[in-house]
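Asker: Sharing a model prediction with you, sequence too.
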Amino acid sequence: MDRIDLLRIFIRVAESGSFTHAADTLQMPRSTVSTAIQELENRLGTQLLARTTRSVRLTDDGQRFQQTALRLLGDFEEAENQFRLHSSETRGHVRVNLPSRIGRLVVAPALPAFLEQYPGLDIELGMTDRSINLAEDGTDCVLRVGPLQDSSLIGRRLGLLPVFNVASPSYLERFGIPLTPDDLSAHQAVLYASPSTGRIEAWEWERDGREESRAVQGRVTVNSAEGLVACCLAGLGLAQLPAYDVLPHLRRGELVDILPQWRAAPLPMTLLFPHRKHLSRRLEVFTEWLTGLLERHCFPHELRD
């Protein structure tokens, strides 16, 4: 069997943890998949998969080889796509990791149109708010929001994500509209506690180029962005939320932009890649699409430089 096909089969078995499932998705007999894995192991002189009657898992050598196989297959697909300029000819697999809220609210709803435009591309969409290791996870690119901690990756700055101060119309009818940060002492906020530390975040804003903050009072504390949005919509208090969480609600009149002169510092949005001199054609296509999508949903036109 062709060595590239051996790599594709191995990666599919490793990802699915099942010979049967891999065979189904590859549309080939299970026996062919099993034979391919045996051939690959014989070529390499090591056992890549530990088989039991109930499961298939990677050995230590298999885990190391999986990253090599992903890289080799990606390089091969890049070579195949090098002269394919038409969208229907671009082929391959893109692994991307996004913050969960951006993935769910912005990217997932737009994916059908992208996949229709590029029928030869498959997308593996990871949605998590934890840091990941691109090399170990075999991820092609990751979107990070906020200051970067890892300088070993290639970064592409997309823009600055505005953070809005918002409240529901019902809350403002009951308690009035704060006009300056000094008015916050007379208002209730939906408090946000960090899921990792439990620390309640202060209210932040910029004044004359300096970042300032203060503790705020509130009767409801949440530990997720979903909870913060829901409680703010319910009229339980003021909230600070990024653009992608609030723009649809602002446009529908479900939330009101308050204290516009005293917003928190905007958050940098950056696409990160492993160390590679050139992006593959498949990754270029996806990142160009993602960049345009985020510009429309995360950077309001009236706030752009």
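Answerer: Happy to help now that I have it.
Asker: those helices in this structure, which residues are they?
Answerer: 3-16, 19-26, 30-44, 60-81, 100-102, 108-117, 134-137, 169-175, 225-233, 243-251, 281-298 (DSSP state H).
Asker: pLDDT below threshold where in the chain?
Answerer: By pLDDT under 70, the weakly predicted segments of the chain are 77-78, 80-89, 130-138, 150-153, 275-279, 300-305.
Asker: At the geometric centre of it, which residue sits there?
Answerer: residue 98 (0.3 Å; CA atoms, centre = their mean).
Asker: who's in contact with it?
Answerer: For residue 98, the contacting residues are 107, 125, 126, 127, 142, 143, by CB atoms under 8 Å, 6 or more residues apart in numbering. (C-beta placed from N, C-alpha, C; glycine too.)
Asker: which among those residues end up buried?
Answerer: With neighbours counted by 16 or more other CB atoms under 10 Å, those contain buried members at 107, 142, 143.
Asker: Provide a list of residues in contact with the last one.
Answerer: Pointing back at residue 143 there. 96, 97, 98, 99, 102, 158, 269, 270, 271, 272, 290, 294.
Asker: before we move on, back to that, could you identify the most distant pair in the contacts of residue 98?
Answerer: 107 and 142 (12.8 Å; CB to CB).
Asker: Residue 140 against residue 74, yeah?
Answerer: Yes: if you go by CB atoms under 8 Å, residue 140 and residue 74 touch, sitting 7.4 Å apart.
Asker: quick revisit: any idea how far residue 294 is from the residue nearest to the centre of the chain?
Answerer: Separation of residue 98 from residue 294 (CB to CB, to the nearest Å): 10 Å.
Asker: do residue 161 as well
Answerer: Taken as CB to CB, the span from residue 161 to residue 294 is 9 Å.
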